[in-house]
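A.B. asks: Sequence and predicted structure, then a few things I'm wondering about:
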Amino acid sequence: MKFVLIFGPQAVGKMTVGNELEKITDLKLFHNHMTIELVNPFFDYGTKEGKRLVGLFREELFKAMAKSDQSGMIFTYVWAFDMKEDWEYVEKVCRLFESEGGTVYFVELEAEVEERLERNKSAYRVAQKPSKRNIEWSENELLKSMDQYRLNSYEGEIKRDNYIRINNTNLTAAEVASRVKHHFNL
């Protein structure tokens, strides 16, 4: 079982890279908005109940996948490196897969904010993430989060062997996915 965690700030291309990686491997994409969008019509993700349900669905899917005979999965995540809870969450998910004999791969994406603002408006992103269709709100959230959180790691902060960091400002999602596949021999 392979668990590929693609992380980075909003609109950096996590879902799009994950989609391309899914096309060239046997891994299944589970982008973080799949659960957010499922719960959002009933409970906003920002609410206590919304977060609880999103967390519950994710955890149950992770557990089922980790115990399955599937090749593996790709999960996307916005990781706030200055929040202890996010570090604990990532560690918990990794332990879940590793306890079942799985291998975890970390893919960190970074891109210039101007490029991220353009990607935020892409047809694919908006189609997959209904909660992002209000572009003005989404752009404001993207910019505000840069002031509130540190969404990329410091050099040397990630201590895992299976780790790659890619600045994808000027790369296509297919190029990034190919690099990831070859780097980790997926």
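C.D. replies: Thanks, I have it.

A.B. asks: Whichever helix in the chain runs longest: which residues count as buried?
C.D. replies: In the chain, assigned by DSSP state H, the helix with the most residues is helix 48-67. Neighbour counts over helix 48-67 (16 or more other Cβ atoms under 10 Å) mark 50, 53, 54, 58, 61, 62, 65, 66 as buried. For glycine as for every other residue, the C-beta is placed from the backbone atoms N, C-alpha and C.

A.B. asks: just stretch 67-86 next, same as before
C.D. replies: Buried-residue list, stretch 67-86, by 16+ other Cβ under 10 Å: 72, 73, 74, 75, 76, 77, 78, 79, 80, 81, 86.

A.B. asks: distance of the second one from residue 47?
C.D. replies: If I follow you right, that is residue 73. According to Cβ to Cβ, to the nearest Å, residue 73 and residue 47 sit 27 Å apart.

A.B. asks: Ok, residue 184 next?
C.D. replies: The value you get for residue 184 to residue 47, if Cβ to Cβ is used, is 37 Å.

A.B. asks: go on, residue 11?
C.D. replies: For residue 11 relative to residue 47 (Cβ to Cβ), the value is 23 Å.

A.B. asks: out of these two, which sits in the more crowded spot?
C.D. replies: residue 11 (26 against 12; other Cβ atoms under 10 Å).

A.B. asks: Per-residue pLDDT of that one, please?
C.D. replies: Per-residue pLDDT puts residue 11 at 94.

A.B. asks: Check the one 5 residues further on too.
C.D. replies: On the pLDDT scale, residue 16 is placed at 96.

A.B. asks: One more: residue 133?
C.D. replies: 69.

A.B. asks: what about stretch 102-110, average pLDDT?
C.D. replies: 98.

A.B. asks: Only the buried residues of it, if you could.
C.D. replies: Buried residues in stretch 102-110 (16+ other Cβ under 10 Å): 102, 104, 105, 106, 107, 108, 109, 110.
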